[in-house]
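J.: this one's sequence-less:
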């Protein structure tokens, strides 16, 4: 789910680096509040918190005019500190196995996967077929043209960041409920994986184009590669290097393609031989 939210933000031409810690916070709140408020109450609180953090990120970008990289990097650091204070650096556990038993059901498609696929399908339609999604991509591709067309670019930006926070918290809540526990670093491993997957899936780093289906497919592919490396006995350090290398290659390829488009702008390719 964090990949869905990150796709929306990247299609807008912005970055949200805080999704990994928002995912951790969502998981922590789900487990930490469950004994007092039950699963429904704790998950609702986690989702509301993620939505609020995302909206704050959007307001920092639109109203305070803070670069999204800087804004969300600061949010990431703050949330990580809040998480450590909340859990004391320890893993949180819960004794209620009700949701766990439902999520752990067998069958052709496990419930967590089904939920993720349903969310991906929904937001693919939103991004490609609705006015909001098309406005989002137009804002990312050409903010000046979007503003001239009467699109509320600020509102679109806040909405995209809010959805990113909501989906990140939902991913953390789902993972925590599935494992009936939450660790203070549960979202850290997803940061590089999600960023690489979204770019591999076809979302432009400059904004203006995005694909939820492509992002989800890339996540599954990179997870399969990671699992394969794990089966070969390679450690987490090696898998982190692989994810980082994939991301570095993608960024370099995007930079080369962008540079080529800039050099070709205004020229007729068929006359260049």
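T.: Received the coordinates, thanks. Because the structure is predicted, anything quoted here is derived from the model rather than measured. Residues are numbered from 1 along each chain as shown.
J.: low-confidence ranges in this protein?
T.: Under the criterion pLDDT under 70, the flagged ranges of the chain are 100, 106-108, 235-236, 243, 258, 261, 264-273.
J.: how many neighbouring residues does residue 143 have?
T.: For residue 143, the tally of surrounding residues (other C-beta atoms under 10 Å) stands at 18. The way it works is simple: take the backbone N, C-alpha and C, and place the C-beta from them, glycine included.
J.: actually residue 214, sorry about that
T.: By other C-beta under 10 Å, neighbour count at residue 214 equals 19.
J.: ok, residue 247 next?
T.: So residue 247, with other C-beta under 10 Å, has 17 neighbours.
J.: next: residue 245.
T.: Around residue 245 sit 11 other residues, with neighbours defined as other C-beta under 10 Å.
J.: same question, residue 263
T.: Number of residues near residue 263 (other C-beta under 10 Å) recorded here: 9.
J.: what about the closest residue to residue 67 other than its chain neighbours, distance to residue 13?
T.: Using C-beta to C-beta, 6 or more residues apart in numbering and skipping the chain neighbours, the partner closest in space to residue 67 is residue 61 (7.7 Å). Applying C-beta to C-beta, to the nearest Å, the value for residue 61 to residue 13 is 11 Å.
J.: what's the answer for residue 91, then?
T.: Note on residue 91: its distance to residue 13, by C-beta to C-beta, is 37 Å.
J.: now residue 139
T.: In terms of C-beta to C-beta, residue 139 sits 7 Å off from residue 13.
J.: one more: residue 128?
T.: Distance check for residue 128 against residue 13: by C-beta to C-beta, it reads 17 Å.
J.: could you do residue 164 as well?
T.: Counting by C-beta to C-beta, the gap from residue 164 to residue 13 is 14 Å.
J.: check residue 187 too.
T.: 24 Å.
J.: these two: who's more crowded?
T.: Shown here are residue 187 and residue 13; by other C-beta under 10 Å, residue 187 has more neighbours (30 against 20).
J.: residue contacts, that one?
T.: The neighbours of residue 187, taking C-beta atoms under 8 Å, 6 or more residues apart in numbering as the test, are 2, 19, 20, 21, 22, 23, 24, 27, 168, 172.
J.: the fourth one: which element?
T.: Per DSSP states H and E, residue 21 falls inside helix 19-62.
J.: how about the helix or strand just after that helix: buried residues?
T.: Scanning forward in sequence from helix 19-62 by DSSP H and E, the next helix or strand is helix 68-87. Burial within helix 68-87, assessed by neighbour count using 16 or more other C-beta atoms under 10 Å, is assigned to 68, 71, 72, 75, 76, 79, 80, 83, 87.
J.: show me what the helix or strand just after helix 68-87 is packed against.
T.: Once the chain leaves helix 68-87, the next helix or strand it forms, by DSSP H and E, is strand 92-93. Helices and strands touching strand 92-93, by 3 or more C-beta pairs under 8 Å, 6 or more residues apart in numbering; DSSP states H and E, are helix 19-62, strand 181-182.
J.: looking at these, spot the one closest to residue 227.
T.: Taking C-beta to C-beta, helix 19-62 is the member of the helices and strands packed on strand 92-93 nearest to residue 227, at 19.8 Å.
J.: what helices or strands is the closest one leaning on?
T.: Checking 3+ C-beta pairs under 8 Å, 6+ apart, helix 19-62 ends up next to helix 2-11, helix 68-87, strand 92-93, helix 153-179, strand 181-182, helix 190-200.
J.: rerun that using 6 Å as the cut-off
T.: helix 2-11, helix 68-87, helix 153-179, strand 181-182 (3 or more C-beta pairs under 6 Å, 6 or more residues apart in numbering; DSSP states H and E).
J.: which residues are contacting the shortest one?
T.: The one in question is strand 181-182. For strand 181-182, contacts defined as C-beta atoms under 6 Å, 6 or more residues apart in numbering pick out 27, 28, 31, 91, 92, 93, 176.
J.: put the buried members of those into a PyMOL selection.
T.: PyMOL command restricting those to the buried ones, with burial defined by 16+ other C-beta under 10 Å:
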select buried, resi 27+28+31+92+176
